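make a model of this:
(chains A and B)
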Amino acid sequence: MGRAGVIAVGAATLIAGTLSGFADPPKKLAPCLACHGEKGQSDNEKVPSLGAQPAPYSVIQLFLFREKMRVVEPMNEAAKELSDGDLQSLADALAALPAPKPPANPGDPARLERARALTEQNHCNICHRSDFSGQGNVPRLANQREDYLLKALRDYKSGARKGYDPVMVEVVQSLDDAQLVELASYLSHLR
Amino acid sequence: MTTIRSHSRTLLLAALAGGFAAAAAPVAAQQSPSGPAPTAAPAPAAQAPAAPPPWMQGGPDASASANLAPVFPPPIPTAADKLPTAKLKLPANFHIEVYQSGVNNARSLRVDDKGTVFVSSRLVGNVYAIVDKNGKREVKTLAKGLNSPNGIALHNGTLYIAEINKISKIDNIEAQLDNPPKPTVIYDDLPSDAPHGWKFLTVGPDNRLYFNVGAPCNICMPPPTHAQLRSIDLDGKNAEVVARGIRQVVGMDFHPVSKVLYFTENQRDWLSEDQPNDKLNRVLHPGKDNFGYPYCHGGDIEDPQFGWGHSCDEFVKPVAQLGPHTAPLGMRFYTGHMFPAQYRNAIFIARHGSWNKTHKIGGDVVVAHLNPDGTVKSVEPFITGFLVNNNYLGRPVDMEWMKDGSMLLSDDYNGAVYRITYGPQKLSMGR
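Take a look at the predicted model:
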């Protein structure tokens, strides 16, 4: 994350000219995409893919980073000068990026089926929707990076990540670490 | 029993049976907040592993479920010119205007005798003051980074702040608005559970602080330290339990004449689309009353899991049912003189609006008119129009009276405070 953060903050102006595929991308989007991926899909360890993420969710996360209510140093640094208008225009631009794609390896069907049952037992698919595309303030999870999903779930469980509202902190309390591993695997492999 | 329909001007809640709310709870007075639960029934065996989150417990099988999720307010306040005041409907000769925009996640309201308006937030950790100098208003952030500081109260110049796990104060706040000191903790014998951990705070006629400790879940057997109203002295000492069996409270007030405590109560989710009703309650027997959670909801429905062996008749009935999932939050008795006499000592109630219901309801302000015995004569709409095509244009949270008798109303969805006046012509305070 350290190296990615340096790129995000330092190389913004270099990358700004290389963007394509947006009608009118906000200037401040470039440093985001340097780490999170220009086509909505991140290649960086534990850095989430943000393509097709519902804008209200991204606004909330950017707000939490700006206010240091969610602590991830490169993101706190990147967000600290953003205006409320920036939060909204960045979130809108991220929502317009293509959704991340599933990995080439389809995963073990039996294992994925067990995890699918787990998502139903825990009602994940009600708020995040049955295709895990998210809605409003509830994030897209489908084909998110597995390492990021696992980190997010573990951080909710440990209390390191509190969330805007306590709902996810409570969701994970009843899950053990092996189940968090299964959920992250399933959601990242969705087809 | 009757319920409210939001969009009708007709009288909606018929008189409730006399003595309805007077039924004493079958429990002994229990004065220690940490003492055993007043009802002795053993908790049913805990449910199987992997319990869903508190607000989802008892939910339907996911495969059969509708597309529902809690509605969070955006963290960016709505610009003044985008606020929905022009779309809101009020009775004849009432007017609504924007008092202040840009108050992120505005929740509880308090007004001091200088006219300074104190505003809490829940999700963004701030407490604000709106200072009015000759009609020019300014928002000052008095505290940041607090733990869901939903509850605020004013008493003799002191601002009290209730976070999830502690209650603190700032003395002589009016003189320190530009440079407020860190709040001094007066009470912290409180659980730290985030679900229903946020509080409503008020000062009673006995000069004690009153607040709620909510159930740490949607539906569960709460620990004896939870699901109650509690009171403490102004210095944090002598904690007592005021009432039990209460799921979550985000509004209460004392009757201006009888001094009886009334409060709104939010009932469980996932029982059904149309049940149970959220409630307006009153405490006739402080220290003894039990309002039924988790055994009975809405005053008339036993819980399908915890209600076996119980009857709703064991518990104190509500004085009004306020509609399923409507989330009544702030409530205040009208003590001003600007509104017509019929509103004097009536209860205004902000219904935040439902999420656990396919066709949303609530998102309005209603007014409960009382009979001389303190029971509810009728509940009528007062401000409607926040809910359009199953989407919220705003969500009312709490109200307070200005010295001139006008109402201030907070909206956490838009981060705004509105002012409601009565008169043949609009009484604008200017900007």
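
verify the stated contact: residue A:112 with residue A:184.
No - the criterion here is Cβ atoms under 8 Å, and residue A:112 misses it with residue A:184 at 11.8 Å. From N, CA and C alone the C-beta is placed, and that goes for glycine too.

check which element follows the worst-scoring helix or strand of chain A on mean pLDDT along the chain.
Across the helices and strands of chain A, the lowest-confidence element by mean pLDDT, DSSP states H and E is helix A:12-16, at a mean of 40. Remark: after helix A:12-16, the chain's next helix or strand is helix A:29-36, criterion DSSP states H and E.

if we can go back for a sec, the more surrounded of residue A:112 and residue A:184?
Counted by other Cβ atoms under 10 Å in any protein chain shown, residue A:112 and residue A:184 do not tie: residue A:184 has more neighbours, with 23 against 18.

contact partners for the more buried one?
Neighbouring residues of residue A:184 by Cβ atoms under 8 Å, 6 or more residues apart in numbering or on different chains: A:146-147, A:149-150, A:153.

next one: residue B:367
B:334, B:343, B:346-349, B:379-380, B:382.

make sure it is indeed in a helix.
No - assessed with DSSP: H, G, I helix; E, B strand; the rest coil, residue B:367 is strand; it does not lie in a helix.

looking at strand pairing, list the partners for it.
Under DSSP bridges, the beta-bridge partners of residue B:367 are residue B:348, residue B:380.

for chain A, see how far away it is.
Going from residue B:367 to chain A by Cβ to the nearest Cβ, to the nearest Å gives 30 Å.

and for residue B:415?
From residue B:415 across to chain A, the span is 10 Å (Cβ to the nearest Cβ).

check for me that residue A:75 belongs to a strand.
No - applying three-state DSSP, one finds residue A:75 to be helix, outside a strand.

could you find the closest non-adjacent residue to it?
Counting by Cβ to Cβ, 6 or more residues apart in numbering or on different chains, residue A:65 is the residue found nearest to residue A:75 once chain neighbours are left out, at 4.3 Å.

and the angle from whatever helix or strand that neighbour lives in to helix A:29-36?
Using DSSP H and E, residue A:65 falls within helix A:55-66. Here helix A:55-66 runs at an angle of 90 degrees relative to helix A:29-36 (axes from the mean of the first three to the mean of the last three Cα atoms, to 10 degrees).

which strands and helices lie in contact with helix A:55-66?
Here helix A:55-66 touches helix A:73-79, helix A:84-96, going by 3 or more Cβ pairs under 8 Å, 6 or more residues apart in numbering or on different chains; DSSP states H and E.

CSV please, covering the ones you listed and showing mean neighbour count and mean pLDDT.
Formatted as CSV, the helices and strands packed on helix A:55-66 follow (neighbours: other Cβ atoms under 10 Å in any protein chain shown; pLDDT from 0 to 100):
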stretch, mean neighbour count, mean pLDDT
helix A:73-79, 18, 96
helix A:84-96, 19, 96
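
now those in TSV, with distance to residue A:60?
Below are the helices and strands packed on helix A:55-66 laid out as TSV (distance: least, Cβ to Cβ, whole Å):
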stretch	distance to residue A:60
helix A:73-79	12
helix A:84-96	9
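
and the spatially most distant residue from the centre of chain A, what's its pLDDT?
No residue in chain A sits farther from the centre than residue A:110, which is 26.3 Å out by Cα atoms, centre = their mean. With respect to pLDDT, residue A:110 scores 90.

gap between it and chain B?
Counting by Cβ to the nearest Cβ - residue A:110 and chain B are separated by 19 Å.

domain map for chain A?
Domains of chain A are assigned by automatic domain parsing as A:2-96, A:109-189.

circling back to that earlier point, any idea of the angle the helix holding residue A:65 forms with helix A:84-96?
130 degrees.

buried set for helix A:55-66?
For helix A:55-66, burial by neighbour count (16 or more other Cβ atoms under 10 Å in any protein chain shown) applies to A:55-66.

what is the mean pLDDT for that helix?
Here the average pLDDT along helix A:55-66 is 97.

neighbouring contacts of it?
A:50, A:69-70, A:72, A:75-76, A:78-80, A:82, A:86-88, A:90-92, A:94-95, A:134, A:136-140, A:164, B:72, B:74-76.

next: stretch A:76-89.
For stretch A:76-89, using Cβ under 8 Å, 6+ apart, the contacting residues are A:5, A:8-9, A:26, A:28, A:31-32, A:55, A:58-59, A:62-63, A:65-66, A:68, A:90, B:75-77.

what's the end-to-end length of that stretch?
Stretch A:76-89 has an end-to-end distance of 18 Å (criterion: Cα to Cα, to the nearest Å).

element containing the residue nearest the centre of chain A?
Geometric centre of chain A, nearest residue: residue A:48, 4.3 Å, by Cα atoms, centre = their mean. Residue A:48 belongs to no helix or strand when elements are defined using DSSP H and E.

quick one: it and residue A:148 touch, right?
Yes - taking contacts as Cβ under 8 Å, residue A:48 lies within contact range of residue A:148: 4.5 Å.

shared neighbours of the two, anything?
Joint contacts of residue A:48 and residue A:148 (Cβ under 8 Å, 6+ apart) are residue A:42.

for the stretch 101-250 of chain B, which residue gets nearest to chain A?
residue B:194 (3.4 Å; Cβ to the nearest Cβ).

okay, that residue: pLDDT?
Reported pLDDT for residue B:194: 87.

roughly how far apart are it and residue B:296?
Distance check for residue B:194 against residue B:296: by Cβ to Cβ, to the nearest Å, it reads 26 Å.

so how far is the helix holding residue A:65 off the chain centroid?
Relative to its chain's centre, helix A:55-66 lies at 11 Å (Cα atoms, centre = their mean, to the nearest Å).

what bridges to residue B:281?
Beta-bridge partners, per DSSP bridges, of residue B:281: residue B:263.

contacting residues for it?
Counted by Cβ under 8 Å, 6+ apart, residue B:281 has contacts B:21, B:246, B:262-265, B:291, B:316, B:318-319.

which of these sits closest to residue B:153?
residue B:263 (14.4 Å; Cβ to Cβ).

hmm, residue B:283 and that closest one touching each other?
Yes - contact criterion Cβ under 8 Å: residue B:263 and residue B:283 qualify, at 7.5 Å.

okay, and the common contacts of the two?
With Cβ under 8 Å, 6+ apart, residue B:263 and residue B:283 have common neighbours residue B:229.

between the two, which one's more packed in?
Of the pair residue B:263 and residue B:283, residue B:263 is the one with more neighbours under other Cβ under 10 Å, namely 26 against 22.

let me see the contact set for the more buried one.
B:200, B:212, B:229, B:246, B:249, B:251-253, B:280-283, B:331.

including pLDDT and neighbour count, could the contacts of residue B:367 go into TSV?
As requested, those are exported to TSV (pLDDT from 0 to 100; neighbours: other Cβ atoms under 10 Å in any protein chain shown):
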residue	pLDDT	neighbour count
B:334	98	20
B:343	98	21
B:346	98	21
B:347	98	24
B:348	98	25
B:349	98	29
B:379	98	26
B:380	98	18
B:382	98	24
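
which one of those is nearest residue A:126?
When the contacts of residue B:367 are compared against residue A:126 (criterion: Cβ to Cβ), the nearest one is residue B:349, at 29.3 Å.
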